[in-house]
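Visitor: Here's a sequence, model it:
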Amino acid sequence: MAGAVAYILLRSGGGGTTASENRDHGISMETPDFSFEVRKVVVVPTVPGDKTAKTDSDAIAQAVSEDLASFYKTAYLDPNNWSTGKYDTSWAFFEKTALAAAKANSDSLTLGDGSAYETVTPKPSTTTVKILMGPEGKPDTAAAQVTFGVLATEKSGAQTTVASMGQYFLKPTGKNWTIYAFKIKKSSEAGDQVVGSPSPAPKKTKPSPESSPS
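Guide: Model (predicted):
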């Protein structure tokens, strides 16, 4: 299994503007539908006993997962992007201060050059969202742990499962959630694999008599 190097960008102070305020990224009609299954929501209130955090947590986590799903549509599922290896529409999901790092780690964040593929199909994918609430009961930041995968099929019929796993750190900007840091690993394996399943442990073998110490 081949793995891409993970990268973390620390949140910098200052501007919280996004690369683009327009979240309609022109995703092509040929892009398959996709959404994350939100497995778990964790809320960390700033004010002890804040019940507002619990009340709104599911809706907040859903909004985070939807924006991440839109990002993955541009980075993995839109044939206009993977067929050319160009992912200009993906960078609008990142804070301006994170853009350079995101583009430098394009190989880890996107499918990459998919010109050999005929189809790219999403596999069941999950996320766990941790929300840090501000003192007024409004979300301040979110950390989303993701397990995402696609089945890429070449024109020859050969198949490869590509997985993207790790964590995104997001902040609310207007009605959207914007990525300001990430730690993501991408891997690929021949065939149709179950994404997120642990690799089988190597079998233990007994030493042969010839190799046993005397």
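
Visitor: element containing the residue sitting nearest the centre point of the chain, please.
Guide: Against the mean C-alpha coordinate of the chain, by CA atoms, centre = their mean, the closest residue is Val146 at 5.3 Å. Using DSSP states H and E, Val146 sits within strand 139-154.

Visitor: and what of Ala163?
Guide: Per DSSP H and E: Ala163 is located in strand 159-173.

Visitor: export that strand as CSV, just CAs?
Guide: What follows is strand 159-173, C-alpha atoms only, in CSV (Å, rounded to 0.1, in the frame of the first residue of the first chain):
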residue,chain,number,x,y,z
GLN,A,159,-9.3,-1.2,-10.4
THR,A,160,-7.7,0.8,-7.6
THR,A,161,-9.1,1.8,-4.2
VAL,A,162,-7.8,5.2,-3.1
ALA,A,163,-8.3,6.2,0.5
SER,A,164,-8.0,9.6,2.2
MET,A,165,-7.8,9.5,6.0
GLY,A,166,-6.9,12.1,8.7
GLN,A,167,-8.2,15.3,10.2
TYR,A,168,-9.4,18.7,9.0
PHE,A,169,-9.6,21.8,11.2
LEU,A,170,-12.3,24.2,10.2
LYS,A,171,-13.7,27.6,11.2
PRO,A,172,-17.1,29.2,10.4
THR,A,173,-16.9,31.9,7.8
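
Visitor: list the helices and strands that strand packs on?
Guide: For strand 159-173, the elements it packs on are helix 51-72, strand 139-154, strand 176-190, judged by 3 or more CB pairs under 8 Å, 6 or more residues apart in numbering; DSSP states H and E. For glycine as for every other residue, the C-beta is placed from the backbone atoms N, C-alpha and C.

Visitor: one more time with 10 Å, if that's ok
Guide: Packed against strand 159-173 by the contact rule (3 or more CB pairs under 10 Å, 6 or more residues apart in numbering; DSSP states H and E) you find strand 2-3, helix 51-72, helix 106-109, strand 117-122, strand 126-133, strand 139-154, strand 176-190.

Visitor: now those as JSON lines including distance to Glu95 and mean pLDDT?
Guide: JSON lines is the format used below for those (distance: least, CB to CB, whole Å; pLDDT from 0 to 100):
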{"stretch": "strand 2-3", "distance to Glu95": "26", "mean pLDDT": "50"}
{"stretch": "helix 51-72", "distance to Glu95": "13", "mean pLDDT": "88"}
{"stretch": "helix 106-109", "distance to Glu95": "14", "mean pLDDT": "97"}
{"stretch": "strand 117-122", "distance to Glu95": "26", "mean pLDDT": "98"}
{"stretch": "strand 126-133", "distance to Glu95": "16", "mean pLDDT": "95"}
{"stretch": "strand 139-154", "distance to Glu95": "12", "mean pLDDT": "97"}
{"stretch": "strand 176-190", "distance to Glu95": "4", "mean pLDDT": "97"}
